[in-house]
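Asks: got a sequence here, can you model it:
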Amino acid sequence: MLLQANQRMKLDDSDDRLFYSYPRFVTHVDEGFIDQLTNLYRDRLKPNTRILDMMSSWVSHLPQDMEFAHVEGHGMNEEELAKNRQLNHYFIQNLNKDLKLPFPDKDFDAVLNCVSIQYLQYPD
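Replies: This is a model prediction of the structure:
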């Protein structure tokens, strides 16, 4: 189902860069959810694979006891991403302005997007 025009509107229509210009070192979900998410990742992700962590922040909730070949982070705040010890590399990109990712198709074994999809105005 596609979103209607009124469902794509933001209450604050200023540039997203302004909102994300200062870091927020918080978790947006409770510890129970984080534990379940980490266990889901442990169950579904495979070691030594390439992971793209979309809309990441200062934590990724990936299992600490699993090693991955590469974890690429995407987000909007460089300070937050720089503090994320699980990322091998990260990039900044406003997906509401440009949905085209800077990677070839099939470059990652898994793409993660948790608790942030609601920020996309055009996810379809």
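Asks: and the helix or strand bottoming out on mean pLDDT in the chain, what's buried?
Replies: Least confident helix or strand of the chain, by mean pLDDT, DSSP states H and E, is helix 16-19 with a mean of 78. By neighbour count with 16 or more other C-beta atoms under 10 Å, helix 16-19 contains the buried residues residue 16. In short, each C-beta sits where N, CA and C put it, glycine included.
Asks: do a quick rundown of the strands in the chain.
Replies: Taking DSSP state E as the test, the strands found in the chain are 50-54, 70-75, 89-92, 110-113.
Asks: quick one: closest of the ones you listed to residue 44.
Replies: strand 110-113 (7.7 Å; C-beta to C-beta).
Asks: just checking: what are the partner strands of the closest one?
Replies: Under the criterion DSSP bridges, strand 110-113 sits next to strand 50-54 (parallel) in its sheet.
Asks: next, the angle from the partner strand to strand 70-75.
Replies: 10 degrees (axes from the mean of the first three to the mean of the last three C-alpha atoms, to 10 degrees).
Asks: name the residues that touch strand 50-54?
Replies: Applying C-beta atoms under 8 Å, 6 or more residues apart in numbering, the contact partners of strand 50-54 are 45, 60, 62, 68-74, 86-87, 101, 103, 107-113, 116.
Asks: narrow those residues to just the buried residues.
Replies: 45, 60, 62, 68, 71-74, 86-87, 101, 108, 112, 116.
Asks: stretch 72-83 spans what distance, first to last residue?
Replies: Stretch 72-83 stretches 13 Å from its first residue to its last (C-alpha to C-alpha, to the nearest Å).
Asks: off-centre distance for stretch 73-90?
Replies: Its chain's C-alpha centre and that of stretch 73-90 lie 9 Å apart, by C-alpha atoms, centre = their mean, to the nearest Å.
Asks: please consider this matter closed, and thank you.
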